[in-house]
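A.B. asks: Whatever this is, show me its structure:
(2 chains)
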Amino acid sequence: MSAEAHSVDIVLRDVAGDPSPSASDVLAGRRLLVSAIAAERAPDARRRAHGIRWRWVAAASSVVALVAAVAVTGLLRPRPVTALGELAQVAERVERAPLAAGTYDYVRATESRLLVVAGSEIGLADRAYVAYAVPLVRDRWVSGDGVIHEEVTHGQPVFFDSVVEAAYATSGLAVVDRIGATDVAEFTREATVLGVREWPTSRDELVVAMRAYVSGRGSDVAEVAALVDLAADLLRASGATPKLRGAVIAALDTLDVDVATRREGGGLAVAVEFEDVVRARRVLEFDASANLVRDRLMWLEDAPLYGVPAGTAFFDTQLSPSRVVESHTRP
Amino acid sequence: MVGERSDAEVIAASLGDGDEFALVFERHFATVFRYVARRIGTDAAGDVTSEVFVRAFETRARYDTSRKVCRPWLYGIASNLVRDHIRRQRRRSRAYVRVAVQEEAGIDASMADAESRTSALLMAPVINSSLGKLNDGDREALLLFALGELNYEEIAEALSIPIGTVRSRLARARRRMQELVSTERQTRGRGVKNRGVEL
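C.D. replies: Model prediction:
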(Lines give C-alpha, C1' and ligand atoms only; values in the text may rest on other atoms or scores of the structure.)
Protein backbone atom coordinates (compact mmCIF):
# COMPACT_ATOMS: atom_id res chain seq x y z
CA MET A 1 0.00 0.00 0.00
CA SER A 2 1.61 3.30 -0.97
CA ALA A 3 1.79 6.25 1.44
CA GLU A 4 -0.40 8.28 -0.91
CA ALA A 5 -2.99 5.55 -1.23
CA HIS A 6 -3.07 5.07 2.49
CA SER A 7 -3.90 8.73 2.93
CA VAL A 8 -7.20 8.12 1.12
CA ASP A 9 -8.22 5.61 3.79
CA ILE A 10 -7.23 8.01 6.57
CA VAL A 11 -9.21 10.88 5.07
CA LEU A 12 -12.24 8.62 4.70
CA ARG A 13 -12.01 7.58 8.36
CA ASP A 14 -11.51 11.17 9.51
CA VAL A 15 -14.55 12.35 7.59
CA ALA A 16 -16.69 9.45 8.76
CA GLY A 17 -15.71 9.70 12.43
CA ASP A 18 -16.03 6.88 14.93
CA PRO A 19 -19.72 6.58 15.80
CA SER A 20 -21.14 4.07 18.23
CA PRO A 21 -24.76 3.02 18.80
CA SER A 22 -26.84 4.58 21.53
CA ALA A 23 -28.62 2.42 24.07
CA SER A 24 -31.87 3.03 22.21
CA ASP A 25 -30.29 1.89 18.91
CA VAL A 26 -29.28 -1.38 20.53
CA LEU A 27 -32.65 -1.79 22.18
CA ALA A 28 -34.54 -1.14 18.94
CA GLY A 29 -32.30 -3.56 17.04
CA ARG A 30 -32.73 -6.24 19.66
CA ARG A 31 -36.49 -5.76 19.68
CA LEU A 32 -36.70 -6.11 15.89
CA LEU A 33 -34.64 -9.29 15.93
CA VAL A 34 -36.76 -10.76 18.71
CA SER A 35 -39.84 -10.01 16.58
CA ALA A 36 -38.29 -11.79 13.61
CA ILE A 37 -37.43 -14.80 15.75
CA ALA A 38 -40.96 -14.89 17.14
CA ALA A 39 -42.44 -14.51 13.66
CA GLU A 40 -40.45 -17.49 12.43
CA ARG A 41 -41.76 -19.51 15.31
CA ALA A 42 -45.40 -18.79 14.44
CA PRO A 43 -45.50 -17.75 10.79
CA ASP A 44 -48.95 -19.06 10.00
CA ALA A 45 -50.76 -17.17 12.74
CA ARG A 46 -49.04 -13.92 11.83
CA ARG A 47 -49.77 -14.30 8.14
CA ARG A 48 -53.46 -14.92 8.75
CA ALA A 49 -53.83 -11.84 10.95
CA HIS A 50 -52.22 -9.53 8.43
CA GLY A 51 -54.15 -10.96 5.51
CA ILE A 52 -57.46 -10.24 7.16
CA ARG A 53 -56.50 -6.70 8.02
CA TRP A 54 -55.40 -5.79 4.51
CA ARG A 55 -58.48 -7.16 2.87
CA TRP A 56 -60.64 -5.13 5.25
CA VAL A 57 -58.73 -1.94 4.52
CA ALA A 58 -59.09 -2.40 0.77
CA ALA A 59 -62.82 -2.94 0.98
CA ALA A 60 -63.44 0.03 3.25
CA SER A 61 -61.38 2.48 1.30
CA SER A 62 -62.12 1.72 -2.30
CA VAL A 63 -65.13 4.01 -2.85
CA VAL A 64 -63.57 7.01 -1.12
CA ALA A 65 -60.32 6.45 -2.96
CA LEU A 66 -61.93 6.43 -6.38
CA VAL A 67 -63.78 9.69 -5.81
CA ALA A 68 -60.69 11.37 -4.42
CA ALA A 69 -58.63 10.44 -7.45
CA VAL A 70 -60.95 12.21 -9.84
CA ALA A 71 -61.47 15.27 -7.68
CA VAL A 72 -57.81 15.92 -7.05
CA THR A 73 -56.00 15.07 -10.22
CA GLY A 74 -58.45 15.88 -12.96
CA LEU A 75 -56.50 13.42 -15.07
CA LEU A 76 -58.00 10.21 -13.89
CA ARG A 77 -61.44 8.72 -14.01
CA PRO A 78 -62.65 6.01 -11.68
CA ARG A 79 -62.80 2.29 -12.36
CA PRO A 80 -63.46 -0.63 -10.10
CA VAL A 81 -60.42 -1.56 -8.05
CA THR A 82 -60.61 -5.06 -9.43
CA ALA A 83 -59.04 -3.61 -12.56
CA LEU A 84 -55.76 -3.61 -10.64
CA GLY A 85 -56.25 -7.29 -9.95
CA GLU A 86 -56.74 -7.87 -13.65
CA LEU A 87 -53.59 -5.93 -14.40
CA ALA A 88 -51.72 -8.12 -11.91
CA GLN A 89 -52.76 -11.14 -13.93
CA VAL A 90 -51.52 -9.48 -17.10
CA ALA A 91 -48.16 -8.83 -15.42
CA GLU A 92 -47.86 -12.47 -14.42
CA ARG A 93 -48.44 -13.63 -17.96
CA VAL A 94 -45.72 -11.46 -19.49
CA GLU A 95 -42.88 -13.77 -20.42
CA ARG A 96 -39.93 -12.43 -22.37
CA ALA A 97 -37.99 -14.67 -24.69
CA PRO A 98 -34.33 -15.06 -23.69
CA LEU A 99 -32.10 -12.44 -25.31
CA ALA A 100 -29.99 -13.71 -28.18
CA ALA A 101 -26.23 -13.13 -28.03
CA GLY A 102 -25.37 -9.62 -29.20
CA THR A 103 -28.78 -8.18 -28.35
CA TYR A 104 -29.87 -6.03 -25.43
CA ASP A 105 -33.02 -5.17 -23.57
CA TYR A 106 -33.20 -1.37 -23.83
CA VAL A 107 -35.18 1.11 -21.72
CA ARG A 108 -35.00 4.90 -21.65
CA ALA A 109 -35.99 6.69 -18.45
CA THR A 110 -36.68 10.42 -18.65
CA GLU A 111 -36.34 11.80 -15.17
CA SER A 112 -36.59 15.03 -13.26
CA ARG A 113 -35.09 15.28 -9.79
CA LEU A 114 -35.43 18.09 -7.29
CA LEU A 115 -32.10 18.98 -5.70
CA VAL A 116 -31.95 20.84 -2.40
CA VAL A 117 -28.76 22.60 -1.32
CA ALA A 118 -27.81 25.07 1.40
CA GLY A 119 -28.39 28.66 0.25
CA SER A 120 -24.87 29.55 1.35
CA GLU A 121 -23.56 27.12 -1.20
CA ILE A 122 -24.60 29.36 -4.04
CA GLY A 123 -23.95 32.64 -2.26
CA LEU A 124 -27.48 33.12 -0.89
CA ALA A 125 -26.67 33.12 2.80
CA ASP A 126 -30.05 34.60 3.68
CA ARG A 127 -31.79 31.43 2.51
CA ALA A 128 -31.52 28.22 4.50
CA TYR A 129 -32.11 26.13 1.38
CA VAL A 130 -32.69 26.55 -2.29
CA ALA A 131 -34.07 23.98 -4.69
CA TYR A 132 -33.90 23.39 -8.40
CA ALA A 133 -34.82 20.52 -10.69
CA VAL A 134 -32.37 18.69 -12.91
CA PRO A 135 -33.67 16.63 -15.82
CA LEU A 136 -31.88 13.39 -16.67
CA VAL A 137 -32.11 10.94 -19.50
CA ARG A 138 -31.06 7.47 -18.42
CA ASP A 139 -30.50 4.98 -21.24
CA ARG A 140 -29.99 1.42 -20.12
CA TRP A 141 -29.08 -1.70 -22.03
CA VAL A 142 -29.13 -5.11 -20.31
CA SER A 143 -27.54 -8.08 -22.04
CA GLY A 144 -28.69 -11.68 -21.73
CA ASP A 145 -25.87 -12.44 -19.31
CA GLY A 146 -26.88 -9.62 -16.98
CA VAL A 147 -24.36 -6.93 -17.91
CA ILE A 148 -25.94 -3.50 -17.52
CA HIS A 149 -24.64 -0.65 -19.66
CA GLU A 150 -25.99 2.71 -18.56
CA GLU A 151 -25.60 6.22 -19.96
CA VAL A 152 -26.98 9.14 -17.96
CA THR A 153 -27.21 12.56 -19.58
CA HIS A 154 -27.72 15.53 -17.26
CA GLY A 155 -29.92 18.28 -18.73
CA GLN A 156 -30.15 21.98 -17.95
CA PRO A 157 -31.53 22.75 -14.49
CA VAL A 158 -34.95 24.28 -14.00
CA PHE A 159 -35.26 27.06 -11.41
CA PHE A 160 -38.20 28.41 -9.47
CA ASP A 161 -36.95 31.98 -9.25
CA SER A 162 -34.50 34.16 -11.11
CA VAL A 163 -32.40 34.97 -8.03
CA VAL A 164 -31.49 31.33 -7.54
CA GLU A 165 -30.89 30.91 -11.25
CA ALA A 166 -28.46 33.83 -11.32
CA ALA A 167 -26.65 32.65 -8.19
CA TYR A 168 -26.38 29.12 -9.55
CA ALA A 169 -24.82 30.38 -12.75
CA THR A 170 -21.83 31.80 -10.88
CA SER A 171 -21.57 29.16 -8.15
CA GLY A 172 -19.74 26.50 -10.12
CA LEU A 173 -22.35 23.93 -9.13
CA ALA A 174 -23.12 23.19 -12.77
CA VAL A 175 -19.84 21.29 -12.92
CA VAL A 176 -20.62 19.36 -9.75
CA ASP A 177 -24.10 18.58 -11.05
CA ARG A 178 -22.56 17.35 -14.31
CA ILE A 179 -24.86 19.64 -16.30
CA GLY A 180 -24.59 18.78 -19.98
CA ALA A 181 -22.39 15.76 -19.30
CA THR A 182 -23.09 12.10 -20.00
CA ASP A 183 -21.90 9.53 -17.48
CA VAL A 184 -21.29 6.04 -18.80
CA ALA A 185 -21.14 3.02 -16.52
CA GLU A 186 -21.14 -0.73 -16.95
CA PHE A 187 -21.83 -3.15 -14.12
CA THR A 188 -23.18 -6.60 -13.45
CA ARG A 189 -24.32 -6.52 -9.85
CA GLU A 190 -27.01 -4.03 -9.10
CA ALA A 191 -28.17 -3.29 -5.57
CA THR A 192 -31.94 -3.50 -5.64
CA VAL A 193 -34.54 -4.27 -3.08
CA LEU A 194 -34.68 -7.78 -4.56
CA GLY A 195 -31.41 -8.56 -2.81
CA VAL A 196 -32.62 -7.50 0.60
CA ARG A 197 -34.72 -10.57 1.31
CA GLU A 198 -36.76 -13.30 -0.31
CA TRP A 199 -40.00 -11.76 -1.59
CA PRO A 200 -43.00 -14.12 -1.71
CA THR A 201 -45.00 -14.29 -4.92
CA SER A 202 -48.35 -14.90 -3.30
CA ARG A 203 -50.20 -11.64 -2.74
CA ASP A 204 -51.07 -12.03 0.92
CA GLU A 205 -47.65 -13.28 1.91
CA LEU A 206 -46.03 -10.49 -0.05
CA VAL A 207 -48.11 -7.85 1.72
CA VAL A 208 -46.99 -9.26 5.06
CA ALA A 209 -43.35 -9.25 3.95
CA MET A 210 -43.59 -5.72 2.59
CA ARG A 211 -45.22 -4.48 5.75
CA ALA A 212 -42.58 -6.12 7.92
CA TYR A 213 -39.86 -4.59 5.79
CA VAL A 214 -41.34 -1.11 5.94
CA SER A 215 -41.96 -1.40 9.67
CA GLY A 216 -38.40 -2.53 10.27
CA ARG A 217 -37.01 0.48 8.47
CA GLY A 218 -38.88 2.91 10.69
CA SER A 219 -40.32 4.95 7.84
CA ASP A 220 -41.31 8.50 8.73
CA VAL A 221 -44.16 8.70 6.25
CA ALA A 222 -47.55 6.97 6.45
CA GLU A 223 -47.26 3.22 6.09
CA VAL A 224 -49.29 3.13 2.90
CA ALA A 225 -46.93 5.63 1.28
CA ALA A 226 -43.92 3.60 2.35
CA LEU A 227 -45.54 0.46 0.93
CA VAL A 228 -46.22 2.14 -2.41
CA ASP A 229 -42.60 3.29 -2.43
CA LEU A 230 -41.42 -0.26 -1.82
CA ALA A 231 -43.78 -1.55 -4.51
CA ALA A 232 -42.22 0.89 -6.98
CA ASP A 233 -38.76 -0.34 -6.01
CA LEU A 234 -39.77 -3.94 -6.56
CA LEU A 235 -41.41 -3.20 -9.90
CA ARG A 236 -38.39 -1.27 -11.16
CA ALA A 237 -35.79 -3.76 -9.95
CA SER A 238 -33.99 -5.47 -12.77
CA GLY A 239 -34.53 -9.18 -12.25
CA ALA A 240 -38.08 -8.97 -10.89
CA THR A 241 -39.91 -11.99 -12.29
CA PRO A 242 -43.36 -11.71 -13.91
CA LYS A 243 -44.76 -13.68 -10.98
CA LEU A 244 -43.34 -11.21 -8.47
CA ARG A 245 -44.43 -8.19 -10.51
CA GLY A 246 -47.95 -9.60 -10.63
CA ALA A 247 -47.91 -10.15 -6.89
CA VAL A 248 -46.71 -6.58 -6.28
CA ILE A 249 -49.52 -5.12 -8.37
CA ALA A 250 -51.99 -7.38 -6.60
CA ALA A 251 -50.55 -6.20 -3.29
CA LEU A 252 -51.19 -2.61 -4.29
CA ASP A 253 -54.82 -3.60 -4.78
CA THR A 254 -55.06 -4.41 -1.06
CA LEU A 255 -53.84 -0.99 0.05
CA ASP A 256 -55.70 2.23 0.76
CA VAL A 257 -54.77 3.82 -2.56
CA ASP A 258 -56.63 5.59 -5.35
CA VAL A 259 -56.97 3.48 -8.49
CA ALA A 260 -58.11 4.88 -11.82
CA THR A 261 -57.68 4.40 -15.53
CA ARG A 262 -55.21 6.51 -17.47
CA ARG A 263 -56.96 8.61 -20.07
CA GLU A 264 -54.17 8.32 -22.58
CA GLY A 265 -52.73 5.01 -23.62
CA GLY A 266 -54.91 2.81 -21.40
CA GLY A 267 -53.69 1.09 -18.30
CA LEU A 268 -54.10 2.19 -14.70
CA ALA A 269 -52.79 4.73 -12.25
CA VAL A 270 -52.32 4.15 -8.54
CA ALA A 271 -52.06 7.20 -6.28
CA VAL A 272 -51.59 7.85 -2.60
CA GLU A 273 -51.51 11.15 -0.71
CA PHE A 274 -49.55 11.57 2.48
CA GLU A 275 -47.80 14.08 4.72
CA ASP A 276 -44.19 14.56 3.65
CA VAL A 277 -42.22 17.77 3.91
CA VAL A 278 -45.57 19.11 2.78
CA ARG A 279 -48.69 17.27 1.61
CA ALA A 280 -47.54 15.05 -1.26
CA ARG A 281 -48.90 12.62 -3.80
CA ARG A 282 -47.14 9.57 -5.22
CA VAL A 283 -48.50 8.23 -8.49
CA LEU A 284 -47.52 5.02 -10.27
CA GLU A 285 -48.82 4.61 -13.81
CA PHE A 286 -49.02 1.30 -15.66
CA ASP A 287 -49.72 0.73 -19.33
CA ALA A 288 -52.18 -1.90 -20.51
CA SER A 289 -49.39 -4.49 -20.55
CA ALA A 290 -48.72 -3.88 -16.85
CA ASN A 291 -45.44 -2.08 -17.47
CA LEU A 292 -44.65 0.70 -14.99
CA VAL A 293 -44.43 3.69 -17.33
CA ARG A 294 -44.35 6.61 -14.90
CA ASP A 295 -43.47 7.14 -11.25
CA ARG A 296 -43.70 10.57 -9.66
CA LEU A 297 -43.91 12.31 -6.34
CA MET A 298 -45.58 15.71 -6.36
CA TRP A 299 -45.58 18.29 -3.61
CA LEU A 300 -49.16 19.52 -3.41
CA GLU A 301 -48.44 22.59 -1.29
CA ASP A 302 -45.91 25.41 -1.36
CA ALA A 303 -42.68 24.57 0.47
CA PRO A 304 -41.44 28.07 1.34
CA LEU A 305 -38.36 26.81 3.18
CA TYR A 306 -37.05 25.53 -0.15
CA GLY A 307 -38.69 28.12 -2.37
CA VAL A 308 -40.66 25.42 -4.15
CA PRO A 309 -44.22 26.10 -5.37
CA ALA A 310 -47.15 23.72 -5.03
CA GLY A 311 -47.33 21.20 -7.84
CA THR A 312 -43.59 20.69 -8.10
CA ALA A 313 -42.46 17.15 -8.81
CA PHE A 314 -39.90 15.98 -6.28
CA PHE A 315 -39.10 13.32 -8.81
CA ASP A 316 -40.80 12.29 -12.01
CA THR A 317 -39.63 9.33 -14.04
CA GLN A 318 -41.13 8.23 -17.33
CA LEU A 319 -40.05 4.86 -18.66
CA SER A 320 -40.18 3.84 -22.30
CA PRO A 321 -41.44 0.36 -23.15
CA SER A 322 -38.60 -2.12 -23.13
CA ARG A 323 -37.41 -3.27 -26.55
CA VAL A 324 -34.69 -5.49 -27.96
CA VAL A 325 -31.84 -3.74 -29.78
CA GLU A 326 -28.51 -4.82 -31.21
CA SER A 327 -26.16 -2.08 -30.02
CA HIS A 328 -25.57 0.52 -27.33
CA THR A 329 -26.74 3.30 -29.62
CA ARG A 330 -29.01 5.95 -28.21
CA PRO A 331 -32.04 6.75 -30.35
CA MET B 1 -19.38 -21.89 27.65
CA VAL B 2 -21.72 -20.32 25.19
CA GLY B 3 -19.46 -17.31 24.72
CA GLU B 4 -16.62 -19.48 23.44
CA ARG B 5 -18.53 -20.95 20.55
CA SER B 6 -17.62 -19.67 17.12
CA ASP B 7 -20.10 -17.59 15.16
CA ALA B 8 -20.54 -20.54 12.80
CA GLU B 9 -21.49 -22.83 15.68
CA VAL B 10 -23.95 -20.29 17.04
CA ILE B 11 -25.56 -19.82 13.64
CA ALA B 12 -25.82 -23.57 13.15
CA ALA B 13 -27.47 -23.91 16.56
CA SER B 14 -29.89 -21.09 15.73
CA LEU B 15 -31.36 -23.19 12.93
CA GLY B 16 -32.91 -25.37 15.61
CA ASP B 17 -33.53 -22.61 18.14
CA GLY B 18 -33.89 -19.11 16.71
CA ASP B 19 -33.16 -17.53 20.09
CA GLU B 20 -29.54 -18.60 19.72
CA PHE B 21 -29.12 -15.97 17.04
CA ALA B 22 -29.34 -13.25 19.68
CA LEU B 23 -25.70 -14.00 20.48
CA VAL B 24 -24.68 -13.01 16.95
CA PHE B 25 -26.46 -9.73 17.53
CA GLU B 26 -24.74 -9.10 20.86
CA ARG B 27 -21.32 -9.85 19.41
CA HIS B 28 -21.50 -7.78 16.26
CA PHE B 29 -24.18 -5.11 16.49
CA ALA B 30 -21.86 -2.30 17.62
CA THR B 31 -19.25 -3.07 14.94
CA VAL B 32 -21.76 -3.28 12.12
CA PHE B 33 -23.44 -0.12 13.39
CA ARG B 34 -20.16 1.79 13.24
CA TYR B 35 -19.60 0.75 9.63
CA VAL B 36 -23.15 1.63 8.61
CA ALA B 37 -23.08 4.94 10.52
CA ARG B 38 -19.83 5.91 8.84
CA ARG B 39 -21.53 5.46 5.50
CA ILE B 40 -24.98 6.94 6.04
CA GLY B 41 -24.81 8.86 9.33
CA THR B 42 -25.84 7.89 12.83
CA ASP B 43 -29.47 8.86 12.49
CA ALA B 44 -30.33 6.23 9.89
CA ALA B 45 -27.73 3.70 11.01
CA GLY B 46 -29.84 2.23 13.79
CA ASP B 47 -32.63 1.16 11.47
CA VAL B 48 -30.36 -0.15 8.76
CA THR B 49 -28.17 -2.07 11.21
CA SER B 50 -31.23 -3.59 12.82
CA GLU B 51 -32.36 -4.69 9.37
CA VAL B 52 -28.96 -6.28 8.76
CA PHE B 53 -29.50 -8.67 11.67
CA VAL B 54 -33.07 -9.49 10.69
CA ARG B 55 -31.92 -10.21 7.17
CA ALA B 56 -29.03 -12.30 8.50
CA PHE B 57 -31.41 -14.22 10.72
CA GLU B 58 -33.78 -14.91 7.86
CA THR B 59 -31.03 -16.15 5.55
CA ARG B 60 -28.85 -17.95 8.12
CA ALA B 61 -29.64 -21.34 6.59
CA ARG B 62 -27.44 -20.33 3.66
CA TYR B 63 -24.49 -19.31 5.84
CA ASP B 64 -21.26 -21.15 5.04
CA THR B 65 -20.39 -22.64 8.42
CA SER B 66 -16.83 -23.28 7.34
CA ARG B 67 -16.41 -19.54 8.04
CA LYS B 68 -15.91 -19.35 11.79
CA VAL B 69 -16.34 -15.58 12.03
CA CYS B 70 -19.46 -14.10 10.46
CA ARG B 71 -18.42 -10.44 10.38
CA PRO B 72 -17.67 -10.38 6.62
CA TRP B 73 -21.04 -12.00 5.93
CA LEU B 74 -22.78 -9.34 8.00
CA TYR B 75 -20.84 -6.60 6.24
CA GLY B 76 -21.86 -8.01 2.87
CA ILE B 77 -25.51 -7.76 3.92
CA ALA B 78 -24.89 -4.29 5.35
CA SER B 79 -23.32 -3.10 2.10
CA ASN B 80 -26.39 -4.15 0.13
CA LEU B 81 -28.74 -2.47 2.58
CA VAL B 82 -26.69 0.72 2.66
CA ARG B 83 -26.74 0.97 -1.13
CA ASP B 84 -30.46 0.39 -1.10
CA HIS B 85 -30.90 3.01 1.61
CA ILE B 86 -28.93 5.63 -0.30
CA ARG B 87 -30.88 5.00 -3.46
CA ARG B 88 -34.22 5.24 -1.67
CA GLN B 89 -33.12 8.31 0.22
CA ARG B 90 -32.58 10.17 -3.03
CA ARG B 91 -36.11 9.40 -4.04
CA ARG B 92 -37.83 10.26 -0.80
CA SER B 93 -38.09 13.94 -0.19
CA ARG B 94 -38.37 14.08 3.56
CA ALA B 95 -35.38 11.85 4.18
CA TYR B 96 -33.41 13.65 1.52
CA VAL B 97 -33.90 17.07 2.97
CA ARG B 98 -33.33 15.87 6.50
CA VAL B 99 -30.04 14.27 5.61
CA ALA B 100 -28.88 17.54 4.18
CA VAL B 101 -29.24 19.05 7.62
CA GLN B 102 -27.85 16.10 9.48
CA GLU B 103 -24.67 15.80 7.53
CA GLU B 104 -23.15 18.74 9.35
CA ALA B 105 -24.62 17.71 12.66
CA GLY B 106 -23.27 14.19 12.33
CA ILE B 107 -19.80 15.38 11.60
CA ASP B 108 -19.94 17.84 14.46
CA ALA B 109 -20.82 15.13 16.89
CA SER B 110 -18.15 12.77 15.70
CA MET B 111 -15.15 15.05 15.85
CA ALA B 112 -13.30 15.66 19.05
CA ASP B 113 -11.53 18.89 18.30
CA ALA B 114 -12.36 22.03 16.38
CA GLU B 115 -9.57 21.69 13.88
CA SER B 116 -10.47 18.25 12.68
CA ARG B 117 -14.14 19.21 12.79
CA THR B 118 -13.55 22.09 10.43
CA SER B 119 -11.36 19.99 8.20
CA ALA B 120 -13.89 17.19 8.01
CA LEU B 121 -16.76 19.59 7.40
CA LEU B 122 -14.94 21.02 4.43
CA MET B 123 -13.81 17.66 3.14
CA ALA B 124 -17.08 15.75 3.52
CA PRO B 125 -18.85 17.10 0.43
CA VAL B 126 -15.70 16.71 -1.64
CA ILE B 127 -15.28 13.12 -0.50
CA ASN B 128 -18.97 12.38 -1.01
CA SER B 129 -18.97 13.74 -4.50
CA SER B 130 -15.80 11.86 -5.42
CA LEU B 131 -17.06 8.58 -4.00
CA GLY B 132 -20.19 8.98 -6.07
CA LYS B 133 -18.08 8.91 -9.21
CA LEU B 134 -16.40 5.58 -8.45
CA ASN B 135 -17.97 2.51 -9.92
CA ASP B 136 -19.98 0.44 -7.44
CA GLY B 137 -17.49 -2.40 -7.09
CA ASP B 138 -14.49 -0.17 -6.45
CA ARG B 139 -16.40 1.98 -3.98
CA GLU B 140 -17.64 -0.98 -1.96
CA ALA B 141 -14.17 -2.48 -1.71
CA LEU B 142 -12.65 0.83 -0.64
CA LEU B 143 -15.31 1.55 1.98
CA LEU B 144 -15.22 -1.96 3.41
CA PHE B 145 -11.46 -1.57 3.82
CA ALA B 146 -11.35 2.02 5.05
CA LEU B 147 -14.56 2.24 7.06
CA GLY B 148 -15.39 -1.41 7.73
CA GLU B 149 -11.75 -2.17 8.51
CA LEU B 150 -11.98 -5.57 6.87
CA ASN B 151 -8.86 -7.16 5.44
CA TYR B 152 -8.54 -8.28 1.82
CA GLU B 153 -9.72 -11.79 2.52
CA GLU B 154 -12.74 -10.60 4.47
CA ILE B 155 -13.70 -8.16 1.73
CA ALA B 156 -13.46 -10.98 -0.79
CA GLU B 157 -15.84 -12.97 1.36
CA ALA B 158 -18.23 -10.07 1.93
CA LEU B 159 -18.49 -9.25 -1.77
CA SER B 160 -18.14 -12.82 -3.07
CA ILE B 161 -15.20 -11.92 -5.31
CA PRO B 162 -11.64 -13.31 -5.63
CA ILE B 163 -9.00 -11.75 -3.41
CA GLY B 164 -7.05 -10.61 -6.47
CA THR B 165 -10.06 -8.61 -7.55
CA VAL B 166 -10.17 -6.96 -4.12
CA ARG B 167 -6.56 -5.83 -4.53
CA SER B 168 -7.11 -4.41 -7.97
CA ARG B 169 -10.36 -2.68 -6.97
CA LEU B 170 -8.73 -1.09 -3.93
CA ALA B 171 -5.77 0.13 -5.91
CA ARG B 172 -7.99 1.55 -8.62
CA ALA B 173 -10.39 3.16 -6.13
CA ARG B 174 -7.59 4.90 -4.21
CA ARG B 175 -5.93 6.16 -7.34
CA ARG B 176 -9.22 7.43 -8.72
CA MET B 177 -10.18 9.05 -5.42
CA GLN B 178 -6.95 11.01 -5.32
CA GLU B 179 -7.61 12.30 -8.82
CA LEU B 180 -11.23 13.13 -8.12
CA VAL B 181 -10.65 14.80 -4.76
CA SER B 182 -7.98 16.96 -6.29
CA THR B 183 -10.29 17.97 -9.14
CA GLU B 184 -13.28 18.54 -6.86
CA ARG B 185 -11.34 20.78 -4.50
CA GLN B 186 -10.16 22.91 -7.37
CA THR B 187 -13.68 23.15 -8.70
CA ARG B 188 -15.48 23.89 -5.46
CA GLY B 189 -13.01 25.91 -3.46
CA ARG B 190 -14.40 26.11 0.05
CA GLY B 191 -18.00 25.52 -0.94
CA VAL B 192 -19.86 23.05 1.21
CA LYS B 193 -22.55 21.03 -0.49
CA ASN B 194 -25.09 19.39 1.73
CA ARG B 195 -27.09 17.04 -0.39
CA GLY B 196 -26.96 13.55 0.99
CA VAL B 197 -24.36 11.24 2.34
CA GLU B 198 -22.51 8.96 -0.06
CA LEU B 199 -20.28 7.40 2.57
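A.B. asks: Give me the buried positions along the helix of greatest length in chain B.
C.D. replies: Looking across chain B with DSSP state H, the single longest helix is helix B:163-188. For helix B:163-188, the buried set under the neighbour-count rule, 16 or more other Cβ atoms under 10 Å in any protein chain shown, comprises B:166, B:169-174, B:176-178, B:180-181, B:184, B:188. Heads up, the C-betas are built off the backbone N, CA and C, glycines and all.
A.B. asks: Now do the end-to-end distance for stretch A:323-331.
C.D. replies: 12 Å (Cα to Cα, to the nearest Å).
A.B. asks: tell me which residues of it are tucked away?
C.D. replies: A:His328.
A.B. asks: now swap in stretch A:29-37 and tell me
C.D. replies: A:29-30, A:32-33, A:36-37.
A.B. asks: from these, which are also near chain B?
C.D. replies: For chain B, the contacts drawn from the buried residues of stretch A:29-37 by Cβ under 8 Å from any Cβ of the partner chain are A:29-30, A:32-33, A:36-37.
A.B. asks: nearest to A:Ala313, of those?
C.D. replies: Nearest to A:Ala313 among these: A:Leu32, at 33.7 Å, using Cβ to Cβ.
A.B. asks: Look up how far B:His28 lies from the closest one.
C.D. replies: Separation of A:Leu32 from B:His28 (Cβ to Cβ, to the nearest Å) stands at 15 Å.
A.B. asks: Would you map the helices across the chain?
C.D. replies: Since you didn't name a chain, this refers to chain A. Counting by DSSP H, the helices of chain A are A:3-16, A:23-41, A:43-73, A:82-93, A:162-171, A:173-176, A:203-216, A:223-236, A:242-252.
A.B. asks: Chain B was what I was after
C.D. replies: B:7-14, B:22-40, B:42-58, B:71-91, B:93-110, B:114-132, B:136-146, B:152-159, B:163-188.
A.B. asks: Switch the ones next to chain B among the buried residues of stretch A:29-37 over to TSV; also include pLDDT.
C.D. replies: Written out in TSV, the entries for these read as follows (pLDDT from 0 to 100):
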residue	pLDDT
A:Gly29	85
A:Arg30	84
A:Leu32	81
A:Leu33	85
A:Ala36	77
A:Ile37	80
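A.B. asks: Okay, angle between the longest helix of chain B and helix B:152-159 too, please.
C.D. replies: Relative orientation of helix B:163-188 versus helix B:152-159 (axes from the mean of the first three to the mean of the last three Cα atoms, to 10 degrees): 90 degrees.
A.B. asks: Hey, what's the angle from helix B:163-188 to helix B:136-146? Just curious.
C.D. replies: 90 degrees.
A.B. asks: tell me which strands and helices helix B:163-188 is in contact with?
C.D. replies: helix A:3-16, helix A:173-176, helix B:114-132, helix B:136-146, helix B:152-159 (3 or more Cβ pairs under 8 Å, 6 or more residues apart in numbering or on different chains; DSSP states H and E).
A.B. asks: try it again with 6 Å
C.D. replies: Packed against helix B:163-188 by the contact rule (3 or more Cβ pairs under 6 Å, 6 or more residues apart in numbering or on different chains; DSSP states H and E) you find helix A:3-16, helix B:114-132, helix B:136-146, helix B:152-159.
A.B. asks: what's the average pLDDT for it?
C.D. replies: Across helix B:163-188, the average pLDDT comes to 78.
A.B. asks: Identify the residue of chain A closest to chain B, quick one.
C.D. replies: A:Gly17 (2.5 Å; Cβ to the nearest Cβ).
A.B. asks: what's around that residue, how many residues?
C.D. replies: 23 (other Cβ atoms under 10 Å in any protein chain shown).
A.B. asks: Now tell me which of the helices and strands packed on helix B:163-188 the model trusts least on average.
C.D. replies: Mean pLDDT, when computed for each of the helices and strands packed on helix B:163-188, is lowest for helix B:114-132, at a mean of 58.
A.B. asks: which non-adjacent residue is nearest A:Leu173?
C.D. replies: Distance criterion Cβ to Cβ, 6 or more residues apart in numbering or on different chains; nearest residue to A:Leu173, sequence neighbours excluded, is A:Ile122 at 6.3 Å.
A.B. asks: Next one, pLDDT for the one you found please.
C.D. replies: 83.
A.B. asks: same thing with B:Asp19?
C.D. replies: 87.
A.B. asks: circling back to that earlier point, please report how far the residue of chain A closest to chain B lies from B:Asn135.
C.D. replies: 26 Å.
A.B. asks: Ok, A:Gly265 next?
C.D. replies: 36 Å.
A.B. asks: Same question for A:Ala36.
C.D. replies: 33 Å.
A.B. asks: residues contacting the residue nearest to A:Leu173?
C.D. replies: A:167-168, A:171 (Cβ atoms under 6 Å, 6 or more residues apart in numbering or on different chains).
A.B. asks: just the helices of chain A: most buried one?
C.D. replies: helix A:242-252 (a mean of 23; mean count of other Cβ atoms under 10 Å in any protein chain shown).
A.B. asks: doesn't A:Ala290 make contact with A:Val90?
C.D. replies: Yes: counting by Cβ atoms under 6 Å, A:Ala290 is a contact partner of A:Val90 at 4.4 Å.
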